[in-house]
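1. Sequence first, predicted model second:
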Protein chains: 2
Amino acid sequence: MPATTLERVCVVLARPSHPGNIGAAARALKTMGFADLRLVAPARFPDAEATALASGAVDVLDAARRYDTLEAALTDVVFAVGFTARPRDLSHPARSLADMAPVVLGRTSEGRVALVFGNETFGLSNEELARCTALAHIPANPAYSSLNLAAAVQVACYELSVRAESFAIPAEPGRTPATGEEIEALFAHWERAMVGSGFLDPAQPKRLMERMRRLFARAGLERAEVQFLRGMLASFEKRP
Amino acid sequence: MPATTLERVCVVLARPSHPGNIGAAARALKTMGFADLRLVAPARFPDAEATALASGAVDVLDAARRYDTLEAALTDVVFAVGFTARPRDLSHPARSLADMAPVVLGRTSEGRVALVFGNETFGLSNEELARCTALAHIPANPAYSSLNLAAAVQVACYELSVRAESFAIPAEPGRTPATGEEIEALFAHWERAMVGSGFLDPAQPKRLMERMRRLFARAGLERAEVQFLRGMLASFEKRP
């Protein structure tokens, strides 16, 4: 994963109420290798409590930019993931953080991407959700799914950092993850091939593509694997 | 994953200094489906700050047990993982959290397992590390690897909960992992299909099957996915 990948991820806190959470979020970013923190209409900032909880990440806190609206915070962003505690009851379902992470990393090849977190009590408003390109949720206990805001930021940054293998002790050289675009092209190709072979009936898709996406999201595709799989699909399509 | 799995995991905080971290840790446990919090010689507990930061997890906080020593906290534990920020400079190396998570879950079949976290400033002492069965680390920014204590607990509980698929939204009911036999039959079928299409030349296999195995090993195949993929391969083979 190129060093620029994490640099292209920003974390946006929309209307945070508690300055302690802003400081703790700055610390969460820095421990996982991120640096771009954006604040939309924070209730109190700067604040001594934010500084205290940032601990050794005061540099990230001091560099945080303030915006009046989420729209303003996302002007240079090509892909914004809104975090919601509700996985289901929205117009389009939120994908789990683990499924979303490779998509987010893939999109960094196109430009800046954002992880967007809402207010501690109310989450993201419908208007804020509408400004996001995609939705993610952190799978949690249905009996009590309320992660602390900074804890949610920490988990999201951890998952992205692990997927990017930012601080992994290298096992094998030369692994390059596929970009979001390459993965989408693979799925489009796969769908064509399955329609062509009669396995996938476009009139009755039976969620086949959803199952494929789920399977390969778990694996985290590399570029070489996408090329290999597309070569295989092409050979099946040309089969005499 | 049986419901008892997470019940068999306890989180031990050794000599925590800040009561707020105890409360925030209780919240982290509950959001990820854990309930057994153990405190070794906490500096201040019970404490109003702990209660405030536990938020909706006061039940977990109230049920937390106190011990004088780590040894006492681990008497009923068969496998204890100590968390350290230093991945390398110990007698035996700490495995990454992601690598350790399946090991921890596997050990729950034998009895109670513990995730052990040290003091905010000093971490686990050498004596405490020696009481642990294994060591884990959360991969972090070498320039600033100091996660907040409760944030580290949140990340560890998240990783275990995701691995156990505790709160995964079932795409289909009855997810069952594929057996080794089913997976071998899939790869044999896949190889036949790729030889049949001309993509795989048995005289020059170019490690194609090895790459397939590696990819699908990362994903962890389910029985339904094997059936689905074999149906797809059959459709490619029969392609008119």
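-> Received the coordinates, thanks.
2. part of a strand, is residue A:80?
-> Yes: counting by DSSP: H, G, I helix; E, B strand; the rest coil, residue A:80 is found in a strand.
3. domain ranges for chain A?
-> Domain segmentation of chain A under automatic domain parsing yields A:4-163, A:180-237.
4. Is chain B within reach of the longest one?
-> Think domain A:4-163. Yes: using Cβ under 8 Å from any Cβ of the partner chain, domain A:4-163 comes into contact with chain B via A:24, A:27-28, A:30-33, A:53, A:55-57, A:87-88, A:96, A:98, A:138-142, A:144-148, A:150-151, A:154-155, A:158-159, A:161-162. C-beta coordinates here come from the backbone N, C-alpha and C atoms, glycine included.
5. now those: which count as buried?
-> Among the residues of domain A:4-163 next to chain B, those classed as buried by 16 or more other Cβ atoms under 10 Å in any protein chain shown are A:24, A:27-28, A:30-33, A:53, A:55, A:57, A:87, A:96, A:98, A:138-141, A:144-148, A:150-151, A:154-155, A:158-159, A:161-162.
6. want to throw the domains of chain A into CSV with mean pLDDT?
-> Below are the domains of chain A laid out as CSV (pLDDT from 0 to 100):
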stretch, mean pLDDT
domain A:4-163, 93
domain A:180-237, 88
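7. Most tightly packed of those domains?
-> domain A:4-163 (a mean of 20; mean count of other Cβ atoms under 10 Å in any protein chain shown).
8. Narrow the buried ones among the residues of domain A:4-163 next to chain B to those in helices?
-> A:24, A:27-28, A:30-31, A:53, A:98, A:150-151, A:154-155, A:158-159, A:161-162 (DSSP state H).
9. Going along the chain, name the strands of chain A.
-> A:9-14, A:36-40, A:65-67, A:77-83, A:95-96, A:112-117, A:134-137 (DSSP state E).
10. could I have the first one exported to PDB, CA atoms only?
-> Backbone C-alpha positions of strand A:9-14 (Å, rounded to 0.1, in the frame of the first residue of the first chain) are rendered in PDB as follows:
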ATOM      1  CA  VAL A   9      -8.200   9.600   4.300                       C
ATOM      2  CA  CYS A  10      -9.800  12.400   6.400                       C
ATOM      3  CA  VAL A  11     -12.000  12.000   9.400                       C
ATOM      4  CA  VAL A  12     -14.900  14.400   9.700                       C
ATOM      5  CA  LEU A  13     -16.800  14.900  13.000                       C
ATOM      6  CA  ALA A  14     -20.100  16.500  12.300                       C
END
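11. Could you list the residues in contact with it?
-> Residues external to strand A:9-14 that are found in contact with it (Cβ atoms under 8 Å, 6 or more residues apart in numbering or on different chains): A:21-22, A:25, A:29, A:34, A:36-42, A:70, A:73-74, A:77, A:80, A:104, A:108, A:112-119, A:124, A:128, A:149, A:153, A:156-157, A:160.
12. any idea of the angle that strand forms with strand A:112-117?
-> Orientation check (axes from the mean of the first three to the mean of the last three Cα atoms, to 10 degrees): strand A:9-14 against strand A:112-117 gives 40 degrees.
13. do the same with the second one
-> Relative orientation of strand A:36-40 and strand A:112-117, computed by the same axes, to 10 degrees: 50 degrees.
14. in the sheet, who's paired with residue A:201?
-> For residue A:201, the beta-bridge partners are residue A:204 (DSSP bridges).
15. sorry, that was for residue A:39
-> residue A:13, residue A:66.
16. Could you check how far it is from residue A:134?
-> 22 Å (Cβ to Cβ, to the nearest Å).
17. ditto for residue A:93
-> Residue A:93 is 10 Å from residue A:134, by Cβ to Cβ.
18. cool, residue A:153 as well?
-> 17 Å.
19. before we move on, what about residue A:41?
-> Distance from residue A:41 to residue A:134, by Cβ to Cβ: 23 Å.
20. for residue A:27, same thing?
-> 26 Å.
21. Say whether chain B is contacted by the lengthiest helix in chain A.
-> Criterion DSSP H: the longest helix present in chain A is helix A:180-197. Yes: applying Cβ under 8 Å from any Cβ, one finds helix A:180-197 touching chain B at A:193, A:194, A:196, A:197.
22. Tell me which two of those residues sit farthest apart.
-> A:194 and A:196 (7.2 Å; Cβ to Cβ).
23. Widest-spaced pair of the ones in helices among the buried ones among the residues of domain A:4-163 next to chain B?
-> Maximum distance among those (Cβ to Cβ): 27.1 Å, for A:53 and A:98.
24. quick one: residue A:215 and residue B:196, what's the gap?
-> Distance from residue A:215 to residue B:196, by Cβ to Cβ: 23 Å.
25. Residue A:217 now?
-> 29 Å.
26. And for residue A:67, nearest residue in space, chain neighbours not counted?
-> residue A:73 (4.1 Å; Cβ to Cβ, 6 or more residues apart in numbering or on different chains).
27. er, residue A:103 I mean
-> Of all residues beyond its chain neighbours, the one nearest residue A:103 is residue A:180 (5.4 Å), with distances taken as Cβ to Cβ, 6+ apart.
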